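# model the following, please.
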Amino acid sequence: MNQTQEYPTANEAWCYSLLIHLMQHGVRHICIAPGSRSAPLTIAAARLQQTQASLELHSHFDERGLGFFALGIAKSTHAPVVIITTSGTAVANLYPAVVEARQSHIPLIILSADRPDELQNCGANQAIRQKNLFGENCVTSYNIAPPDELEDFQKELDIIQQHVKQALQRSAGPMQLNCAFRDPLYGESEQGQYSIVRKLNRADATTQLNLDQLKTTLHGTELFITGQLDSDEAKAVLNLARKNNILILPDINSQLRLLKHPSVIHHADLLLATQTGKKLLSQYKNIVQFGGRMVSKRLLQWLSNRDFEHYTLIKNHSDGLDPAKKAKEVCSDIVQTCQYFSENSLGNIANAIHTQALVNLNNRVQSFINSHPCFGKQHFNELNIARVISQNIIPSTQLFLGNSLGIRLFDMFADITPEPAQVLSNRGASGIDGLIATTAGIQQGRQQSLTCVLGDTSLLHDLNSLQLAKKAALTHNSSLVIVVINNDGGSIFNLLPANELGKIQQDFFQMPHGLTFDSAAKQFGLTYYNPKTVQDFIGIYCTAAQSMDCSLIELNFRSTESSQLIKQFLPALAKTLDRPNAES
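Numbering: from 1, shown residues only. I've put the predicted structure just below:
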């Protein structure tokens with residue numbers, strides 16, 4: 001059934017029609033940056049909110065931060081989010097978030113306001129070439145003529161619906177609707193009344209793959225590997241593994257790495273740093289991987305260097321997730337696939353002896369970490385901080401891990417618990433930009449407490465977004481704890497080949513800055529802490545996690561400390577595990 005309502009200008013009527021149409025596709029959040037050319041969209045959104053109780057509007061002065069904020073909302077709600085920007089470089093500032101959304105298959109809908117064609121390539125202010133600006137980093141894009149040129153709103157909405165459906169299907173991702181507007185942008189018009197159209201229909205459901213086709217492929221599976229998964233996918237994989245007595249090697253982003261469960265081998269990265277671990281894992285010939293974009297470089301190298309009899313990678317979208325191109329990649333809904341095979345045995349043929357040996361070896365790694373002096377309560381270092389946070393985080397809290405060194409430390413050393421926090425990250429493009437904004441967006445979408453752990457260079461990239469973080473915490477009366485590990489620059493390069501470049505590495509890779517964040521916290525109204533011991537950190541972190549506010553905890557370490565500790569830890573672990581009878 002169609003409903004119509006009269007509005008004074010074509011701009012206003014069209015913007016209402018467009019936004020209502022997008023709401024029919026699940027949009028419940030609109031993120032708005034300031035600007036003049038986008039005023040018709042902004043005004044329509046503000047007025048639409050007055051009649052649509054389910055619609056939430058958000059604003060921010062920095063388009064780059066706003067893009068990542070919208071990304072965070074979309075990540076946490078699993079629903080499309082609209083971003084409205086004015087013309088010019090405002091649109092280009094969304095590019096980093098669009099790239100991450102494309103890589104992570106997050107549905108962002110960019111409504112970029114634009115000048116009409118007569119104001120293009122003629123020196124008009126703030127008119128740039130923004131049609132299809134994001135290129136292949138958008139799933140689809142469409143240029144909308146000025147509303148006064150649209151003879152049939154419904155016909156235009158039908159075209160847009162096809163683009164929206166394309167962005168929301170299995171290979172979901174960002175899309176751009178480039179919206180041209182003529183002056184007057186808003187206000188009264190002498191041209192008469194215009195009607196908006198509310199078309200009450202939804203996008204078609206995605207067609208699922210016939211699961212019977214996977215029976216032969218998955219029969220005889222011996223080992224599961226889990227990449228980036230959401231909570232429902234992780235539960236489905238775990239249930240399938242339990243029913244078939246199959247072990248899982250989990251990535252930190254799989255929601256299983258921190259979970260205490262007999263089916264989960266928590267320390268794949270560390271096991272592969274030992275000859276004993278490599279030998280045990282080499283006995284598995286039939287592998288199924290769910291999801292991708294894994295953090296552990298050693299696990300990725302092991303997968304790329306092994307010749308398996310069967311290696312299947314199941315993912316929810318059509319993009320490739322196997323860098324070595326060794327796996328048979330299958331596009332299928334992970335939850336439905338696991339539920340289907342939970343009722344049909346996979347015929348696991350893994351040898352019970354070496355399976356138990358792998359469980360025992362994983363337990364030995366856990367015991368070694370527990371007894372190692374690096375993780376004692378008196379040792380204040382980055383490795384121990386990752387472990388302490390995993391031990392003290394409130395179970396219902398979300399954990400957002402920034403890229404670079406921090407997420408690797410959690411993957412390697414984090415402790416396990418029966419009720420782990422949900423882990424989120426921006427591993428699509430693995431950038432260090434927009435991490436605070438994404439954190440704020442995730443909290444906005446989930447409306448529950450959240451801990452963000454990131455590096456000092458990442459925080460410097462996104463200082464503006466501390467305003468978003470403060471607002472998100474206050475709006476929902478929940479805690480947002482930002483833990484910044486300040487080792488004075490990009491210390492991750494101490495573990496990479498650049499470490500051999502001497503002063504070049506320091507000046508052009510690490511780039512030490514000598515800055516601290518107490519003044520930034522004060523500027524944005526965040527509660528600031530700077531503990532110097534593990535015990536102080538635990539007390540402060542637990543207090544901040546229950547404060548119903550936004551807190552910044554800065555931890556200062558020497559730039560070379562973590563790399564030195566890791567280089568000491570790994571040989572000691574290998575020496576312990578590789579001694580005779582270590583497998584038993």
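# all strands for the stretch 151-300 of the chain, in order.
Under the criterion DSSP state E, counting those that start in this stretch, strands of the stretch 151-300 of the chain are mapped to 175-180, 194-199, 223-226, 247-250, 286-290.
# what's the end-to-end length of stretch 364-380?
This stretch, stretch 364-380, spans 24 Å end to end (C-alpha to C-alpha, to the nearest Å).
# lowest average pLDDT across the strands of the stretch 151-300 of the chain?
Lowest mean pLDDT within the strands of the stretch 151-300 of the chain: strand 194-199, at a mean of 57.
# sorry, back to before: will you turn the strands of the stretch 151-300 of the chain into JSON lines that also has mean neighbour count and distance to I43?
For glycine as for every other residue, the C-beta is placed from the backbone atoms N, C-alpha and C. JSON lines is the format used below for those (neighbours: other C-beta atoms under 10 Å; distance: least, C-beta to C-beta, whole Å):
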{"stretch": "strand 175-180", "mean neighbour count": "24", "distance to I43": "13"}
{"stretch": "strand 194-199", "mean neighbour count": "19", "distance to I43": "13"}
{"stretch": "strand 223-226", "mean neighbour count": "26", "distance to I43": "46"}
{"stretch": "strand 247-250", "mean neighbour count": "27", "distance to I43": "48"}
{"stretch": "strand 286-290", "mean neighbour count": "25", "distance to I43": "45"}
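# what's the closest of these to Q161?
strand 194-199 (8.1 Å; C-beta to C-beta).
# separation between A352 and K260?
From A352 across to K260, the span is 22 Å (C-beta to C-beta, to the nearest Å).
# more neighbours: the two, which one.
Just comparing A352 and K260: by other C-beta atoms under 10 Å the higher neighbour count belongs to K260, 12 against 9.
# show me what contacts that one?
When the contact criterion is C-beta atoms under 8 Å, 6 or more residues apart in numbering, the partners of K260 are I416, T417, P418, P420.
# follow-up on the earlier one: among the strands of the stretch 151-300 of the chain, which is nearest D536?
For the strands of the stretch 151-300 of the chain, distance to D536 was read as C-beta to C-beta. The smallest value, 31.5 Å, belongs to strand 247-250.
# run through who's touching the closest one.
Against strand 247-250 from outside (C-beta under 8 Å, 6+ apart): 223-226, 237-238, 241, 256-257, 259, 263-266, 268, 299, 350, 355, 358-359.
# of these, which belong to helices?
Counting by DSSP state H, the members of the contacts of strand 247-250 that fall within helices are V237, L238, A241, A268, L299, T355, L358, V359.
# if we can go back for a sec, among the strands of the stretch 151-300 of the chain, which is nearest L22?
Using C-beta to C-beta, these put strand 175-180 closest to L22, at 8.9 Å.
# from the chain's centre, how far out does the closest one sit?
Here the centre of mass of C-alpha atoms in strand 175-180, compared against the chain's by C-alpha atoms, centre = their mean, to the nearest Å, lies 24 Å away.
# now do it: which elements does it pack against?
In terms of contacts (3 or more C-beta pairs under 8 Å, 6 or more residues apart in numbering; DSSP states H and E), strand 175-180 is packed against strand 108-114, strand 140-144, helix 153-168.
# how about the second one: buried residues?
Applying a neighbour-count criterion of 16 or more other C-beta atoms under 10 Å, one finds T140, S141, Y142, I144 buried in strand 140-144.
# residue contacts, the closest residue to the third one other than its chain neighbours?
Distance criterion C-beta to C-beta, 6 or more residues apart in numbering; nearest residue to Y142, sequence neighbours excluded, is H163 at 5.0 Å. H163 makes contact with T140, S141, Y142, M175, L177 under the criterion C-beta under 8 Å, 6+ apart.
# what about H163, distance to V139?
H163 sits 9 Å away from V139, taking C-beta to C-beta as the criterion.
# tell me, what's touching the two both at once?
In terms of C-beta under 8 Å, 6+ apart, H163 and V139 are both contacted by the residues M175.
# show me where the stretch 251-400 of the chain has its helices.
268-271, 275-281, 297-305, 334-342, 352-371, 382-392 (DSSP state H, counting those that start in this stretch).
# of those helices, which stretch is the most buried?
Mean neighbour count (mean count of other C-beta atoms under 10 Å) peaks for helix 268-271 among the helices of the stretch 251-400 of the chain, with a mean of 25.
# where does the stretch 401-550 of the chain dip in pLDDT?
496-499, 501, 508 (pLDDT under 70).
# return the distance of stretch 426-439 from the chain's centre.
With C-alpha atoms, centre = their mean as the basis, stretch 426-439 stands 7 Å off its chain's centre.
# which positions in it come out as buried?
For stretch 426-439, using 16+ other C-beta under 10 Å, the buried residues are 426-429, 431-439.
# check the closest residue in space to R129 that isn't next to it in sequence and give its pLDDT.
Excluding the flanking residues, the one nearest R129 by C-beta to C-beta, 6+ apart is Q120, at 7.7 Å. At Q120, the predicted lDDT confidence score is 84.
# again with the one 10 residues further on
Looking at Q130, its pLDDT stands at 92.
# what is the burial count for the spatially closest residue to it that is not a sequence neighbour?
Counting by C-beta to C-beta, 6+ apart, V91 is the residue found nearest to Q130 once chain neighbours are left out, at 4.9 Å. The number of residues packed near V91 is 27, by other C-beta under 10 Å.
# V91 belongs to a strand, doesn't it?
No: V91 is assigned helix when assessed by DSSP: H, G, I helix; E, B strand; the rest coil, not a strand.
# wait, isn't it in contact with V98?
No: checked against C-beta atoms under 8 Å, the pair V91 and V98 is beyond contact range at 9.7 Å.
# what is in contact with those two at once?
Common contacts of V91 and V98, defined by C-beta under 8 Å, 6+ apart, comprise I110.
# ranges for the strands of the stretch 451-584 of the chain?
Secondary structure of the stretch 451-584 of the chain by DSSP E, counting those that start in this stretch: the strands cover 480-486, 527-529, 550-556.
# so for K326, which of those strands sits nearest?
Set against K326 and scored by C-beta to C-beta, the strands of the stretch 451-584 of the chain come closest in strand 480-486, at 34.5 Å.
# helix 382-392 and the closest one, what's the angle between them?
Strand 480-486 and helix 382-392 meet at an angle of 160 degrees, taking axes from the mean of the first three to the mean of the last three C-alpha atoms, to 10 degrees as the criterion.
# so how far is A180 from Y311?
With the distance defined as C-beta to C-beta, Y311 ends up 49 Å from A180.
# residues of stretch 29-43 that come out buried?
Residues of stretch 29-43 classed as buried by neighbour count (16+ other C-beta under 10 Å): 29-35, 37-43.
# if we can go back for a sec, and which of the contacts of K260 is nearest to V365?
When the contacts of K260 are ranked by distance to V365 (C-beta to C-beta), I416 comes first, at 11.4 Å.
# ok, for that closest one, nearest residue in space, not its chain neighbours?
For I416, the nearest residue in space outside its immediate sequence neighbours is K260; the separation is 4.4 Å by C-beta to C-beta, 6+ apart.
# from A472, how far out is the residue lying closest to A350 once chain neighbours are set aside?
By the measure of C-beta to C-beta, 6+ apart, the closest residue to A350 outside its immediate chain neighbours is E222, 3.8 Å from it. Note on E222: its distance to A472, by C-beta to C-beta, is 44 Å.
# more neighbours, those two?
A count of neighbours by other C-beta under 10 Å puts A472 above the other of E222 and A472, at 27 against 24.
# got a list of what that one touches?
Taking C-beta under 8 Å, 6+ apart, one finds A440, G441, Q443, Q444, L480, C550 in contact with A472.
# how much space between it and T89?
Using C-beta to C-beta, A472 is found at 26 Å from T89.
# what is the burial count for the residue lying closest to L405 once chain neighbours are set aside?
Take L405 and drop its neighbours on the chain: the residue closest to it by C-beta to C-beta, 6+ apart is I492, 4.4 Å away. Other residues near I492 come to 22 when the count uses other C-beta under 10 Å.
# pull the contacting residues for I492.
With contacts taken as C-beta under 8 Å, 6+ apart, I492 has the following neighbours: S404, L405, R408, G455.
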